[in-house]
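J.: Quick one, fold the following:
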Amino acid sequence: MKHEIVTSDITVVGGGLAGVCAAVAAARLGQTVSLVQNRPVLGGNASSEVRVWVCGATSHGVHRNARETGIMGELFVENQYRNIDGNPYIWDLIVLEKVKAEPNITLFLNTDVHEVDASGDDNSRTIQAVTGWMMGSERRIRFESRVFLDCTGDGLVGFLAGAKFRIGREAQHEFNEEWAPLVPDDITLGSTLLFYTKDAGRPVKYIAPSFAKDITQTSIPMKRVIRSGDNGCAYWWIEWGGEHDTVHDNERIRDELSSVIYGIWNYIKNSGKFDSENLTLEWIGSIPGKREYRRFVGDYVLNQNDVIAQEQFEDRVAFGGWSIDLHPPQGMYSTESGSKHMHMDGSYHIPFRSLYSSNVSNMLMAGRNISASHVAFGTTRVMATCAVIGEAAGTGAALCAEKGISPRELHSEHLNELQQTLLRQDASILGVVNNDEADLVRSATLTASSTLTELALEQSAGVYPLETPAGLLVPVDPFINGIELLVDATAATELTVELWDTGKPQNYVPHTLIASVVVPVAEGTKQWVTAALNWEPAHAQNAFIVLKSNPALAVHLSDRPQSGVLSFKNNAVTTSTADFGDMKPNQPVIDWSPKNFNRKPFCFRLLAPTSAYAAGKAADGHKRPYGSPHLWSSAGISGAEEWLEASWTETHSIGEVHVTFNDDVNEDLINLHHHRTEFEILPELVKDYTIQVWDGESWTTVVEQTNNHTRHHVHQLKEAVSTNRLRVVVASTNGCERAEIVELRCYR
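T.: Residues are numbered from 1 along each chain as shown. Predicted coordinates for the structure are as follows:
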């Protein structure tokens, strides 16, 4: 046996998406990182070994403008570019490459940590080292660091270190949670195995193994959706173990799950009820995808009420948006639906106090083991949310290691630095704005070659009958004094149009009625009708315009998407779906669905010019839509270059330029084994651009970039330049009719 000691600033145990993002975030901030993973691949439940698709704040497209940015966003966009069909092995490589690109990370695969050296009493403990066994190499490795991150999911490191934790469900009275049980118990969400099938092009027989479950003797055929052509992810409900110990009974749970999968396949192939003659079982998972085990206790326990109220924590460092998604303890054998869902109106906030241990002074946690109640965990557990939590925790760990302080001290004394560091790295913290004193653009004047001020979509690409109410969301900056709509009418009639605000800036539902008008409509097609709606809010925000149902009317659709503009239909009668379980009734975000309108907003004209896309929006401190688009948009690209310029009254020495382009965070990119988005590169992304500086007489190019397909760029100039004017010049986009820039920063 080979004994080794590895010393680094930070040790991250667990190589799922939370651990990967934590390690990358810390390494980019100059800290040395040991990333320790007990499997041969990274990605955890998203890896090719388990193959769960990566869900997050978009909640399968329910939430608008909610896709994650930062490191998780980089992975989404790169996977879309290189792996549009969601090959799980290509995804493995993309995650691995993200880690290998960081020279400060040393990766230890196949290394199972099962020993922790920690000291102190129950209320104040410190980890000195963790020790792991590298399988296949006979290496026993001791990892010594100043800061440790438990990203193991099951929480083994923290458990061995003596960190306070919980397993199971809290009683309803503890946090006054509607969905908590009346008395506490040790029930958790169960584990799942997935499987893949393929069409072999010829008949394929199937003889079930002797241990296959006869599912006709269970409630499964009556209570679950079984279809022969579904991808494996449709069988997320093959879940079991919630009434058992999902760690100590892991092997028993795996055997039960696999027996059911082989039994389901026998039912599909040999019952005569399915068109499956040419189908074959291509792959079945061998590692249960765990949902829940230990949850550590931090300085704050996130709960259901925080999530539903979208509590705006002062120390927010990440966001989520997946529904509170809880499953029956009996899993696949339950006679209830496989899941139940409670949605918030939009994205919610996650506080830093939930990302570090309350009693282990140098341990942070990220992933499904953060400090949250069982009910709140029902939303924080999904992987893209775990990933952004990982980036926040890794950033916090880096600052702790650099300063020689604890996470609690970081929270109390350096919270703004933590948040600003995250924003500078392109992570999203909703409503927290850039106040980085080192960013020169904050004191600059921004101008542009052109600016989109006339907001209109006039070319029809089809119609939507107003059999149910429809919604149109537009930015109001600084006011609205009327809107025109393109409609068809089978007879003379009236159209009722209402204007609502959206409540919180990250929400995209009607909240408070502001104004209402009734518009006469003559019989005919392609008529522009005017709704004289007027509103001048105290600050720029979105308006949700409701078109009431009228069977005699249809509104025209455009095939030209516009940043900041969205359309919806009302389907309030739908409270459950067979595929995704029961939905809590009266949830506005479910009632107003954007499905069928992706990149197809209604045709309209605003009667007043808008300032929503002014040049200064690229320096207003926001990194994503939040009550308004928060980006500069040119009026259009018609062969001429478009540019955004920052100018100062005095000369500055500039050595680093950050440019963040619009990658349309409204677009859902969950293509891993589940969903396909039709373009490899988001059309809104700038393709070819240069950065130029003014030398007093002419413009000099200091950066030239072609064939760009990503969002966030940090350009370190070869030599610092002294200038009082700097431009980003856009030569082309990846398909958008306008040049769009979310943020520009400059540093000495």
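J.: CA atoms for contacts and neighbours, from now on please.
T.: Noted.
J.: if you go through this structure in chain order, where are the helices?
T.: 17-28, 70-82, 88-100, 156-161, 172-175, 220-223, 250-270, 304-309, 374-380, 383-403, 407-413, 415-424, 588-591 (DSSP state H).
J.: what about residue 86, distance to residue 78?
T.: Counting by Cα to Cα, to the nearest Å, the gap from residue 86 to residue 78 is 12 Å.
J.: oh sorry, the question was meant for residue 536
T.: Distance of residue 536 to residue 78, computed by Cα to Cα: 41 Å.
J.: These two: which is more packed in?
T.: Between residue 536 and residue 78, residue 78 has the larger neighbour count (other Cα atoms under 10 Å), namely 20 against 13.
J.: Wait, that one touches residue 682, no?
T.: No - the criterion here is Cα atoms under 8 Å, and residue 78 misses it with residue 682 at 10.7 Å.
J.: hang on, residue 7 packs against residue 143?
T.: Yes - checked against Cα under 8 Å, the pair residue 7 and residue 143 is within contact range at 5.9 Å.
J.: more crowded one of the two?
T.: Neighbour count, other Cα under 10 Å: between residue 7 and residue 143, residue 143 has more, with 25 against 16.
J.: ok, the more buried one - contacts?
T.: Counting by Cα atoms under 8 Å, 6 or more residues apart in numbering, residue 143 makes contact with 5-8, 11, 34, 129-131.
J.: picking up where we left off before, what touches both of residue 7 and residue 143?
T.: With contacts defined as Cα under 8 Å, 6+ apart, no residue is adjacent to both residue 7 and residue 143.
J.: follow-up on the earlier one: can you lay out the helices of the chain as JSON lines showing mean pLDDT?
T.: Formatted as JSON lines, those follow (pLDDT from 0 to 100):
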{"stretch": "helix 17-28", "mean pLDDT": "98"}
{"stretch": "helix 70-82", "mean pLDDT": "98"}
{"stretch": "helix 88-100", "mean pLDDT": "97"}
{"stretch": "helix 156-161", "mean pLDDT": "98"}
{"stretch": "helix 172-175", "mean pLDDT": "98"}
{"stretch": "helix 220-223", "mean pLDDT": "90"}
{"stretch": "helix 250-270", "mean pLDDT": "97"}
{"stretch": "helix 304-309", "mean pLDDT": "98"}
{"stretch": "helix 374-380", "mean pLDDT": "98"}
{"stretch": "helix 383-403", "mean pLDDT": "98"}
{"stretch": "helix 407-413", "mean pLDDT": "98"}
{"stretch": "helix 415-424", "mean pLDDT": "98"}
{"stretch": "helix 588-591", "mean pLDDT": "94"}
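J.: which one of those helices lies closest to residue 468?
T.: Taking Cα to Cα, helix 588-591 is the member of the helices of the chain nearest to residue 468, at 11.2 Å.
J.: what's the closest one packed up against?
T.: On a contact count with 3 or more Cα pairs under 8 Å, 6 or more residues apart in numbering; DSSP states H and E, helix 588-591 meets no helix or strand.
J.: Residue 60 contacts residue 669, doesn't it?
T.: No - between residue 60 and residue 669 there is no contact, the gap being 9.4 Å when judged by Cα under 8 Å.
J.: Settle it for me: which of these two has more neighbours?
T.: residue 669 (24 against 15).
J.: Compute the distance between that one and residue 514, please.
T.: Noted for residue 669: a distance of 34 Å to residue 514, by Cα to Cα.
J.: Also residue 408?
T.: 44 Å.
J.: quick one, which of the two is more surrounded?
T.: residue 408 (20 against 16).
J.: low pLDDT regions in the stretch 501-650 of the chain?
T.: Applying pLDDT under 70 to the stretch 501-650 of the chain flags residues 572-580, 638-639.
J.: what about 80?
T.: The model of the stretch 501-650 of the chain has pLDDT under 80 over residues 572-581, 637-640.
J.: Would you map out the domains in the protein?
T.: Domain ranges of the chain: 2-165+297-424, 191-284, 440-451+613-747, 456-606, per automatic domain parsing.
J.: Endpoint to endpoint, the longest one covers what distance?
T.: Spelled out, that is domain 2-165+297-424. 42 Å.
J.: Could you do the shortest one as well?
T.: Taking Cα to Cα, the span from the opening residue of domain 191-284 to its closing residue is 14 Å.
J.: With stretch 588-604 instead?
T.: From the first residue to the last, stretch 588-604 extends over 24 Å; the measure is Cα to Cα.
J.: Pull the distance from that stretch to the chain's centre.
T.: Centroid separation for stretch 588-604 versus its chain: 19 Å, with Cα atoms, centre = their mean, to the nearest Å.
J.: Can you give me the buried ones in it?
T.: For stretch 588-604, burial by neighbour count (16 or more other Cα atoms under 10 Å) applies to 588-594, 597-604.
J.: and those residues, which of them are in strands?
T.: Under the assignment DSSP state E, these contribute 592-593, 604 to strands.
J.: how about TSV for those, with distance to residue 191 added?
T.: Shown next, in TSV, are those (distance: Cα to Cα, whole Å):
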residue	distance to residue 191
592	32
593	30
604	48
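J.: Name the nearest of these relative to residue 247.
T.: Residue 247 has its nearest neighbour among those in residue 593, at 38.5 Å by Cα to Cα.
J.: can you list the weak-confidence ranges in the stretch 151-300 of the chain?
T.: Those would be 231-233, if you go by pLDDT under 80 across the stretch 151-300 of the chain.
J.: mind running it again at 90?
T.: Along the stretch 151-300 of the chain, segments meeting pLDDT under 90 span 222-223, 225, 227-234.
J.: For it, which segments count as strands?
T.: Along the stretch 151-300 of the chain, counting by DSSP state E, counting those that start in this stretch, strands occupy 165-166, 191-192, 195-199, 239-240, 279-284, 295-296.
J.: cool, and the stretch 351-500 of the chain?
T.: Secondary structure of the stretch 351-500 of the chain (DSSP E, counting those that start in this stretch): strands at 363-365, 445-448, 456-457, 463-465, 470-476, 480-489, 493-501.
J.: Can you say which of those strands is nearest to residue 531?
T.: Shortest distance between residue 531 and those, using Cα to Cα, is found for strand 480-489: 5.4 Å.
J.: Flag every buried residue along that closest one.
T.: 480, 483-489.
J.: Tell me which stretches of the stretch 601-748 of the chain form strands.
T.: For the stretch 601-748 of the chain, the strands defined by DSSP E, counting those that start in this stretch occupy 604-606, 632-633, 642-661, 686-694, 699-705, 712-733, 740-747.
J.: Could you check the angle the longest one makes with strand 686-694?
T.: Put plainly, it is strand 712-733. 100 degrees (axes from the mean of the first three to the mean of the last three Cα atoms, to 10 degrees).
J.: Quick one: list the elements packing against strand 712-733.
T.: Using 3+ Cα pairs under 8 Å, 6+ apart: strand 712-733 touches strand 642-661, strand 686-694, strand 699-705.
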